[in-house]
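[1] structure here, sequence nowhere to be found:
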């Protein structure tokens, strides 16, 4: 039995490695690779115009999550999605994955790619924290910020402890070994394709069960406290144009989870709402839109809303005018 178990484990590991190699060879990443700190980073730019919009993905995600919005937004200005250190097609640049390190790496990437400043940063989830580090380090580089259901540096101090415990359970070594031995791929966890991203299927297959990508997920998660400490005191950002786009609080509060009791979900939803309002108030020139019917991935669930509102925001940045609905929170 022991010999059979070893044989199955070895076969699963070999199959996962071979599948990963197959998809990475047959689905080379679009865009270009740039050398940053002696390593290769992936940047995918489309469209033309200024300021350039930089799309920064959430924890563990890569450029593919933006592909329901990048094509449309590229009709308004130049838009670039990229892979952070160790994710997607980017090499791991260093063992550190804290906000300050990632901000410096993004800055170096934009320099290597000769991206003209200033830029607009658009960050989903944990990237909202990383982007705050960027503007703290390079304030002259940024003409506007868009937070897409973005994290707060204080969220795990404010959330009930069950939320962090649930995430810690997910980001456990168990997930890595399920990936190593091919169990995750065999059970379809590498192939969860978001509706509307069917074109990116091969790219997603190539990376979702790549061992080094899973390791990077753990590394980013383990550096959350460090990233939060680095960015907790960033802001306010004077009159910098800010747009906050948030998931529907009813979706958050009613998320079906065996590990999160309903009362904890409702309490967390209220706290998340408060933190999203805090993001809006990081500037005297900020507004917020709640995406009706959307979960955490607003760029997927309500791509139509982002494709409509972000071009309006870009025009606001270009004109320098404060919008008539400045300071408001609306549901759309």
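    In hand now; what should we look at? The structure presented is a predicted model; accordingly, all values stated were derived computationally and were not measured. Numbers count the residues shown, from 1 in each chain.
[2] end to end, how far does stretch 30-46 reach?
    Across stretch 30-46, the terminal residues are separated by 10 Å (CA to CA, to the nearest Å).
[3] tell me which residues are up against that stretch.
    29, 52, 63, 70-71, 74, 78-83, 85, 88-94, 105, 108-109, 112-113, 115 (CB atoms under 8 Å, 6 or more residues apart in numbering). All C-beta atoms are positioned from the backbone trio N, CA, C, and that covers glycine.
[4] what packs against the helix or strand where residue 146 lies?
    Secondary-structure assignment from DSSP states H and E places residue 146 in strand 142-148. Applying 3 or more CB pairs under 8 Å, 6 or more residues apart in numbering; DSSP states H and E, we find strand 142-148 packed against strand 119-124, helix 127-137, strand 242-247, helix 303-319.
[5] in CSV, list the ones you listed along with distance to residue 44, mean pLDDT and mean neighbour count.
    Compiled in CSV, these are given as follows (distance: least, CB to CB, whole Å; pLDDT from 0 to 100; neighbours: other CB atoms under 10 Å):
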stretch, distance to residue 44, mean pLDDT, mean neighbour count
strand 119-124, 14, 98, 25
helix 127-137, 16, 98, 25
strand 242-247, 21, 98, 26
helix 303-319, 17, 97, 18
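[6] make TSV out of the ones you listed and add distance to residue 164.
    TSV is the format used below for the helices and strands packed on strand 142-148 (distance: least, CB to CB, whole Å):
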stretch	distance to residue 164
strand 119-124	20
helix 127-137	15
strand 242-247	19
helix 303-319	29
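[7] indicate which one of the ones you listed is closest to residue 290.
    Closest approach to residue 290 among those (CB to CB): strand 242-247, 5.1 Å.
[8] can you give me how far that closest one is from the chain middle?
    Strand 242-247 has its C-alpha centroid displaced from the chain centroid by 14 Å (CA atoms, centre = their mean, to the nearest Å).
[9] helices or strands up against that strand?
    strand 142-148, helix 262-280, strand 286-291, helix 298-301, helix 303-319.
[10] flag the shaky bits of the stretch 151-300 of the chain, pLDDT-wise.
    By pLDDT under 70, the weakly predicted segments of the stretch 151-300 of the chain are 170-184, 186-199, 255-259.
[11] now the helices for it?
    155-158, 161-170, 173-180, 183-186, 201-208, 211-222, 224-231, 249-253, 262-280, 298-301 (DSSP state H, counting those that start in this stretch).
[12] what mean pLDDT does stretch 77-88 have?
    Across stretch 77-88, pLDDT averages out at 97.
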